[in-house]
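**Student:** Requesting a structural model of the entry that follows:
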Amino acid sequence: MRVHAPPPPERIVCLTEETVETLYLLGEQDRIIGVSGYAVRPPQVRREKPRVSAFTSADLPRILALAPDLVLTFSDLQAGIVADLVRAGIAVHAFNQRDVAGIMAMIRTLGVLVDARERAETLATSYEVRLARVADLVRGRPRPRVYFEEWDEPLISGIGWVSELVRIAGGDDIFPELARQAAAKHRIVTPDAVVAAAPEVILASWCGKKVVPSSIASRAGWANLPAVAQGRIHEIKSPLILQPGPAALTDGLDAILSALGHPPVPSSPTLPILG
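**Tutor:** Okay, here's the model as predicted:
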């Protein structure tokens with residue numbers, strides 16, 4: 001007996017922004033019927049798609065009213081939402097990527113889910129090629145010590161994919177062992193630990209609020225840090241770096257390169273550009 005594969009989902013709700021961006025890049029945006037309120041890439045998503053969730057909360061009645069045949073979620077922080085959707089009879093795919101390899105796997109898996117396997121492979125491969133080009137171009141150059149601050153109260157250091165991108169861009173994360181910790185509470189650091197590591201560059205991305213470099217520079221005991229003394233405190237906008245998807249691999253990486261004093265690396269001609 002021949003078993004026919006089910007058709008790909010036609011009505012998808014995305015509860016985090018990286019799957020939204022990926023579907024647009026794959027040319028599959030017409031399948032999206034609802035998005036996270038944090039979705040801003042590409043810009044037209046804000047006017048084209050209804051917003052149905054924050055990050056740790058969602059408007060379940062509104063999602064159900066949209067009659068999705070698939071909801072895409074991310075991480076254990078959305079586990080409660082997933083449970084509610086499953087109990088309501090909705091199909092859910094929960095991604096949990098925490099590093100660059102995981103981002104590539106997410107792109108490829110999403111391509112399979114929407115029957116766009118070849119385009120997804122092309123997209124993921126184009127990112128892998130560019131990352132390799134960046135790593136080659138910075139090889140042999142001085143590698144500054146980098147402190148990435150994901151939050152300021154308490155201090156939280158960068159997660160896995162952020163630490164990897166810092167390394168690819170030619171820097172050395174001062175807390176690489178913490179980057180392997182998925183939960184933010186396990187990446188809390190003390191001001192004294194930062195001082196002891198003496199970072200030469202500080203990158204900060206505070207989700208939901210603007211980074212104030214002067215407040216970082218004025219912390220007790222931080223005036224003599226190389227990064228502070230040399231004025232090398234840089235904000236990276238959270239939509240560019242704190243979502244594990246295409247934005248981090250493109251504009252997020254470019255922002256890190258710029259902060260480390262490297263010229264931008266042109267994209268491959270086959271790399272899709274969102275505008």
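**Student:** From residue 160, how far off is residue 79?
**Tutor:** With distances defined as Cβ to Cβ, to the nearest Å, the gap from residue 79 to residue 160 amounts to 19 Å. To be clear about C-beta, it is placed using only N, CA and C from the backbone, and glycine gets the same treatment.
**Student:** These two: who's more crowded?
**Tutor:** Neighbours of residue 79 and residue 160, each counted by other Cβ atoms under 10 Å, are more numerous for residue 160; the result is 22 against 12.
**Student:** residues touching the more buried one, list them.
**Tutor:** The contact partners of residue 160, by Cβ atoms under 8 Å, 6 or more residues apart in numbering, come to 98-99, 102, 179-180, 182.
**Student:** Quick check: buried residues in the helix or strand residue 151 falls within?
**Tutor:** Taking DSSP states H and E as the definition, residue 151 sits inside strand 145-152. Of the residues in strand 145-152, 145-151 count as buried by neighbour count, 16 or more other Cβ atoms under 10 Å.
**Student:** same deal with stretch 100-117?
**Tutor:** For stretch 100-117, the buried set under the neighbour-count rule, 16+ other Cβ under 10 Å, comprises 100, 103-104, 106-108, 110-111, 113-114, 116.
**Student:** Buried among the contacts of residue 160? Make that a ChimeraX selection.
**Tutor:** Those of those that count as buried under 16+ other Cβ under 10 Å are selected in ChimeraX with:
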select :98,99,179
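**Student:** Closest to residue 41 out of the contacts of residue 160?
**Tutor:** Using Cβ to Cβ, residue 102 is the member of the contacts of residue 160 that lies nearest residue 41, at 18.8 Å.
**Student:** Provide the secondary structure category for the closest one.
**Tutor:** Secondary structure, DSSP: H, G, I helix; E, B strand; the rest coil: residue 102 is helix.
**Student:** and it, what does it touch?
**Tutor:** By Cβ under 8 Å, 6+ apart, the contact list for residue 102 reads 96, 160-161, 244.
**Student:** what's the strand or helix carrying residue 130 packed up against?
**Tutor:** Taking DSSP H and E as the definition, residue 130 sits inside helix 117-138. Contact partners of helix 117-138 among helices and strands, from 3 or more Cβ pairs under 8 Å, 6 or more residues apart in numbering; DSSP states H and E: helix 100-113, helix 160-168, helix 253-259.
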